[in-house]
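*Asks:* structure for this input, please:
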Amino acid sequence: MNNNKLLTYDIMEVCLLAGSIMLRSGAETYRVEDTMMRIAESFGVKESHSYVTPTGIIFSIEGSEPTKTKLIRITDRTTDLYKVTRVNSISRKISSGELTLEKAYHLLKELETANLTFSIKIQVLAAALASGCFLIMFQGDWVDFLPAFIAGGAGLWSVIYIHRLVPIKFFSEFLASLIIGLLSFIFVKTGIGQELDKIIIGAVMPLVPGLLLTNAVRDLMAGHLVSGLSKGAEAFLTAFAIGSGIAVVVSFL
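*Replies:* Residues are numbered from 1 along each chain as shown. Just a heads-up that it's a prediction; the model follows:
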């Protein structure tokens with residue numbers, strides 16, 4: 001009986017660890033729930049239930065013994081789709097019987113602590129290049145490519161470092177968009193840039209919450225109304241923070 005109880009708790013730990021990694025990395029809530037239940041089923045659990053929101057996971061396992069339920073809180077979320085893919089790969093190996101419970105737990109623990117993201121320099125460079133390309137996509141002139149390149153890179157750099165100083169997501173996004181607006185205005189005033197609106201639009205695109213909006217719609221379509229609405233609200237607040245920063249610059253300069 002005690003061995004069965006320990007095994008059940010071990011299965012719960014593996015399922016919750018996989019779910020928390022996925023949710024922290026930007027996965028949809030319905031995908032997190034499905035992965036957790038598939039892992040539990042692969043380890044012989046006939047009936048399990050999961051309830052996932054952007055800020056927490058509730059998971060329970062039913063059996064001959066009293067139902068076991070555990071709740072974990074999710075306080076930080078980012079975008080790391082490579083980790084989501086790795087968890088899915090581990091889940092498929094569990095389903096095919098290639099991994100034992102202990103091996104799966106160790107792999108997930110290693111993945112949880114692994115830093116798989118690109119360096120800040122590469123992220124800023126990619127954001128800068130994307131900003132210039134968005135400018136051209138929105139029919140801007142090539143003369144404005146460099147201003148959008150610089151403003152976009154500075155915007156993402158501001159988000160990263162301001163968030164480290166003040167861990168309030170919307171505050172960092174507001175200040176970053178304010179910096180983008182100021183830089184764009186300076187470029188136009190000094191004659192380096194020509195079209196202020198195109199430079200600003202291109203530079204703020206790396207800050208736009210595209211993944212949040214996509215996940216919100218997919219969760220709503222999957223019937224997860226609470227998660228869909230909460231992610232939609234988060235995306236709205238992010239867009240509002242970005243728009244407010246630009247509005248301040250346009251209004252006062």
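*Asks:* quick one: the helices in the stretch 151-253 of the chain?
*Replies:* Using DSSP state H, counting those that start in this stretch, the helices of the stretch 151-253 of the chain run over 169-189, 196-204, 210-221, 225-252.
*Asks:* what residues does whichever strand or helix holds residue 128 touch?
*Replies:* If you go by DSSP states H and E, residue 128 is part of helix 120-137. Around helix 120-137, the neighbours that count as contacts under CB atoms under 8 Å, 6 or more residues apart in numbering are 117-118, 142, 144-146, 148-153, 155-157, 160, 198-199, 201-203, 205-206. Quick note: C-beta positions are derived from backbone N, CA and C, even for glycine.
*Asks:* go again using 6 Å as the cut-off
*Replies:* Applying CB atoms under 6 Å, 6 or more residues apart in numbering, the contact partners of helix 120-137 are 144-145, 148-149, 152-153, 156-157, 198, 202-203, 205-206.
*Asks:* let me know the closest of those residues to residue 189.
*Replies:* Minimum distance to residue 189 across the contacts of helix 120-137 is 13.6 Å, recorded for residue 144 (CB to CB).
*Asks:* ok now do that closest one, which residues does it touch?
*Replies:* 135, 193, 194, 195, 198, 199.
*Asks:* mind checking how far the third one is from residue 78?
*Replies:* When distance is defined by CB to CB, to the nearest Å, residue 194 is 36 Å away from residue 78.
*Asks:* and residue 157, how far from residue 20?
*Replies:* 29 Å.
*Asks:* those two - which one has more neighbours?
*Replies:* residue 20 (21 against 18; other CB atoms under 10 Å).
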